[in-house]
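A.B. asks: I would like to see how this sequence folds:
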Amino acid sequence: MIVSRAPLRISFAGGITDIPQYYENADYGAVLSTTINKYIYVTVNKKFDEKIRVSYSKTEIVDSVDELEHPIVRECLKYMNITNGIEITSIGDIPSGNGLGSSSTFTVALLHALYRYKDRYPTKEQIANDACYIEMDVLGEPIGKQDQYASAFGGLNYIRFYENKVCVEPINISNDIRDKLNNNLMLFHIGKSCPAKDVLKNQVMEIKDKLFEITELKHIAKDMGNLLTYNSTNMFIKFGELLDAQWKIKRKMNGVSNKEIDDTYNLSKTYGSLGGKICGAGGRGFLLLYCDRKDLIINFMQQKGFKEVKFSFEDKGSEIIYDGWNNKLYQQGTRKSKEATTKQKRII
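C.D. replies: Reported below is the predicted structural model:
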């Protein structure tokens, strides 16, 4: 048995600039994001018979790959040239469809597990690139590349998207700044959102008409990265203000917000929030808020019936946590797998 896990992500700014319709017609797209300690786990095992068994929110048992209903599993198996005799299961810390990149995270975790199942050791770049290929080129999903690269690499990164390459630049900050930033952020579930692809279809149509505004989101992502990198004066206050600035731009796009979200966001500012955003394409899902005074915000959000989900930043990205082929259990902080990343700029 092989067990992989890949982290979900929170994107601070730059969303939609990772979509080809934007970066292929601009200099580049850019996102600032971090992965968090909420994961999707995938197990892969050789099946006793020659059938294929896939278990997720439903269970499929089929004789051939082409019979599978789950599109990502079907195409990943084809891509890896695995035709039968395999069992795949998946579970997640947070349900899918809530704006934390779960679909692409699942693709990353699945590909990583399948590579190890075939006794291959891919780089982070290869996993992310393959996940984009499966979702965007093979399945034709109207999505971008930020989720795949964030989940594969892990950590707090400034990621740039070009027509023929992607650059992942880690934002190296001290533990004190990292802890303070993490502590100032709160994540509230305000209701299951519709799939990102459904919202993005409409947003993609707006790119030409709102090119200036979308480009400003890219610039805010860069400003946030610089703010943290160079430890600027009043850094934490300015970070919240930049979150607020990107929200004011992003909420004008189709499907991002609604009256309930607007009212909740505006009221949260009266209780001490400096800024925030809807995670993912929009509509519902998770609302990220940034503030120093948490008690008033928590009481306000609890009164509205919104659940807080506590999280921490993580920096490992996709990893194999159990390798049954080689009888290895990979423990946090005690063993590094072969695909461990470096803290250097990575260019694909």
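
A.B. asks: buried sites along the host helix or strand of residue 73?
C.D. replies: Residue 73 belongs to helix 71-79 when assigned by DSSP states H and E. Across helix 71-79, burial judged by 16 or more other C-beta atoms under 10 Å covers 72-77. (C-beta placed from N, C-alpha, C; glycine too.)

A.B. asks: which residues make contact with the helix or strand just after it from outside it?
C.D. replies: Counting by DSSP H and E, the next helix or strand C-terminal to helix 71-79 is strand 86-92. Contacts of strand 86-92 with the rest of the structure, by C-beta atoms under 8 Å, 6 or more residues apart in numbering, involve 38-47, 52-56, 73, 77, 102, 106, 109-110, 113, 117.

A.B. asks: how about 6 Å then?
C.D. replies: With contacts defined as C-beta atoms under 6 Å, 6 or more residues apart in numbering, strand 86-92 is touched by 40-45, 47, 52-56.

A.B. asks: Run through the stretch 201-348 of the chain and note the low-pLDDT ranges.
C.D. replies: Scanning the stretch 201-348 of the chain for pLDDT under 70 picks out the ranges 201-205, 281-284, 327-348.

A.B. asks: What segments of it are helices?
C.D. replies: 211-229, 235-250, 259-270, 294-303 (DSSP state H, counting those that start in this stretch).

A.B. asks: any chance of these in CSV, with mean neighbour count and distance to residue 61 too?
C.D. replies: Formatted as CSV, the helices of the stretch 201-348 of the chain follow (neighbours: other C-beta atoms under 10 Å; distance: least, C-beta to C-beta, whole Å):
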stretch, mean neighbour count, distance to residue 61
helix 211-229, 19, 44
helix 235-250, 19, 43
helix 259-270, 15, 41
helix 294-303, 15, 43
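
A.B. asks: out of those helices, nearest to residue 141?
C.D. replies: The minimum distance between residue 141 and the helices of the stretch 201-348 of the chain falls on helix 211-229, with 19.5 Å, by C-beta to C-beta.

A.B. asks: Just give me the longest strand of the protein.
C.D. replies: Ranked by residue count and defined by DSSP state E, the top strand of the chain is strand 29-46.

A.B. asks: and the next helix or strand after that strand, what does it pack onto?
C.D. replies: Going down the chain from strand 29-46, the next helix or strand is strand 52-55, by DSSP H and E. Counting by 3 or more C-beta pairs under 6 Å, 6 or more residues apart in numbering; DSSP states H and E, the packing neighbours recorded for strand 52-55 are strand 59-62, strand 86-92.

A.B. asks: what about strand 52-55, distance to the chain center?
C.D. replies: Strand 52-55 sits 25 Å away from the centroid of its parent chain (C-alpha atoms, centre = their mean, to the nearest Å).

A.B. asks: Can you point out the buried residues in that strand?
C.D. replies: Within strand 52-55, the residues scored as buried using 16+ other C-beta under 10 Å are 52-54.

A.B. asks: Please consider this matter closed, and thank you.
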